[in-house]
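Chemist: What follows is a predicted protein model with its sequence.
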Amino acid sequence: MNKNDLMLIYGSDERAMTEALLTHMNIEAMIGNKDARIALKPNLVVAVRPESGATTHPGILVAIIEHLQKRGYHNISIVESAWVGDSTKEGFRVNGYPEISKKYQVPLIDVKDDEYVKKTVDGITMEVSKTILETDFLINLPVLKGHCQTAMTCALKNMKGCLSDRSKRLFHTLGLHRPIAALNKVRAADLIIVDSLNGDLDFEEGGNPVETNRMFACTDSVLCDSYGASLMGFELRDVPYIGLAEQLGVGSSDLGKANLIQLNEPSEEEPYRPTGRANYLGKHTEANSACSACYGNLIHALKRLDEVSRLKQVKQPICIGQGFKGVHDPGKVGVGICTRGLGKSLPGCPPKALDMIRFIKELND
């Protein structure tokens, strides 16, 4: 897998999807030495199940462990820390990690109990997990979701779970963006596999999941977050830590140079099932057998428009879904290749939320 590669897969079976990603990227060639110390870094910010849109699906970790162990890698650990005030061990318990640990003989390491090493970058001194710093191959498993302070969280911000609670508090005091960039200069992931199955629309702790049924992988954390931002409808300027990390040499935000490897197409058998806040935003759509990936991106686009008071200017429902294939109606507008017979349509399967925002704005300007 090359530095510019972004590997994308759609579906709802996270174990099968993870296995497909690992097989296509040839992870053995990436890791090399069978004795390498490998750490899996999920997102267990709070002790809730992944259905909430906050935490990494455990099946992703199981698939990685099985894949690696079958190929002779046995020095694997799961390393994580919940946010300040919450229990990592409770997060492990709620998500079945003790059973995974016992079955596969993979230790669970709570960073809150770890030793720390002080590191300074860009004038910011932080206490970083000794285990993480000594890891030979770090696999970051973030959830692509919204965040009330940084707009979104994905690969770069998920590394915050490698810090002491004292440093987490310091990061918030400093405004998060510069410290997040600095942390990834200290230690960035060697591989990122993003859980973008149903990340929360707004909040790190979940509650309003948006079903998109996709996962993607890459080796550049900055490129990863740049792509994730576009899927959620954010410009790079909306998420300052991405550009700051790029300035520190962590990676590249240039999606124009990315090599998108799409392993399959969104499934027509997985229609979107709106919940929570998505129901409100969905009132501005006309959905007919819309697959999750496309409809989920549209929900993110409508949310961004709502944040800048542009949603009320949407003059007609946005059509979406396979039910519009073959429909020719000059009076309707839609997004996605299935709506190409309508009066105005945005191509793509699926189009990114950022492209949807621009399309809808042009319709109503």
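Modeler: Nice, I can see it.
Chemist: Could you identify the helix or strand that succeeds the host helix or strand of Ile299?
Modeler: If you go by DSSP states H and E, Ile299 is part of helix 292-307. Sequence order places strand 318-320 as the next helix or strand after helix 292-307, per DSSP H and E.
Chemist: where are the low-confidence patches of the chain?
Modeler: 268-277 (pLDDT under 70).
Chemist: Which parts of the stretch 201-350 of the chain are strands?
Modeler: Using DSSP state E, counting those that start in this stretch, the strands of the stretch 201-350 of the chain run over 214-218, 259-262, 285-287, 318-320, 329-335, 342-346.
Chemist: could I get those as TSV with mean neighbour count?
Modeler: C-beta coordinates here come from the backbone N, C-alpha and C atoms, glycine included. Shown next, in TSV, are the strands of the stretch 201-350 of the chain (neighbours: other Cβ atoms under 10 Å):
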stretch	mean neighbour count
strand 214-218	27
strand 259-262	14
strand 285-287	20
strand 318-320	26
strand 329-335	18
strand 342-346	18
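Chemist: Dump those strands into a markdown table; add distance to Asp86 as well.
Modeler: Shown next, in a markdown table, are those (distance: least, Cβ to Cβ, whole Å):
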| stretch | distance to Asp86 |
| --- | --- |
| strand 214-218 | 25 |
| strand 259-262 | 36 |
| strand 285-287 | 35 |
| strand 318-320 | 37 |
| strand 329-335 | 38 |
| strand 342-346 | 40 |
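Chemist: closest one to Ser81 among those strands?
Modeler: strand 214-218 (23.1 Å; Cβ to Cβ).
Chemist: Residues contacting the closest one, please?
Modeler: 1, 5-11, 14, 17-18, 21, 25, 60, 191-197, 224, 227, 266, 293 (Cβ atoms under 8 Å, 6 or more residues apart in numbering).
Chemist: quick check: domain ranges of the protein?
Modeler: Residue ranges for the domains of the chain, per automatic domain parsing: 5-262, 277-364.
Chemist: Quote the end-to-end distance of the longest one.
Modeler: Across its full length, domain 5-262 reaches 10 Å end to end, with Cα to Cα, to the nearest Å as the criterion.
Chemist: what's the answer for stretch 321-339, then?
Modeler: One end of stretch 321-339 sits 7 Å from the other (Cα to Cα).
Chemist: Which parts of the stretch 151-300 of the chain are helices?
Modeler: 155-158, 165-173, 177-186, 221-232, 240-247, 277-281, 292-307 (DSSP state H, counting those that start in this stretch).
Chemist: Can you lay out these as JSON lines showing mean neighbour count and distance to Lys344?
Modeler: Formatted as JSON lines, these follow (neighbours: other Cβ atoms under 10 Å; distance: least, Cβ to Cβ, whole Å):
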{"stretch": "helix 155-158", "mean neighbour count": "29", "distance to Lys344": "35"}
{"stretch": "helix 165-173", "mean neighbour count": "16", "distance to Lys344": "44"}
{"stretch": "helix 177-186", "mean neighbour count": "23", "distance to Lys344": "37"}
{"stretch": "helix 221-232", "mean neighbour count": "26", "distance to Lys344": "21"}
{"stretch": "helix 240-247", "mean neighbour count": "22", "distance to Lys344": "31"}
{"stretch": "helix 277-281", "mean neighbour count": "17", "distance to Lys344": "20"}
{"stretch": "helix 292-307", "mean neighbour count": "25", "distance to Lys344": "15"}
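Chemist: Determine which of those helices approaches Val210 most closely.
Modeler: Comparing the helices of the stretch 151-300 of the chain under Cβ to Cβ, the one sitting nearest is helix 292-307, at 4.9 Å.
Chemist: so how far is the closest one from its chain's centroid?
Modeler: Here the centre of helix 292-307 is set off from its chain's centre by 15 Å, with Cα atoms, centre = their mean, to the nearest Å.
Chemist: how big is the angle separating that helix from helix 221-232?
Modeler: With axes from the mean of the first three to the mean of the last three Cα atoms, to 10 degrees as the basis, helix 292-307 and helix 221-232 are set at 80 degrees to each other.
Chemist: Tell me what angle helix 292-307 forms with strand 214-218.
Modeler: Going by the same axes, to 10 degrees, helix 292-307 makes 90 degrees with strand 214-218.
Chemist: Give me the helices and strands touching helix 292-307, please.
Modeler: Helix 292-307 sits against helix 221-232, helix 277-281, strand 285-287, strand 318-320, helix 353-364, with contacts defined as 3 or more Cβ pairs under 8 Å, 6 or more residues apart in numbering; DSSP states H and E.
Chemist: Do a quick rundown of the helices in the stretch 1-150 of the chain.
Modeler: Using DSSP H, counting those that start in this stretch, helices in the stretch 1-150 of the chain cover 14-25, 27-31, 58-70, 88-94, 97-104, 130-134.
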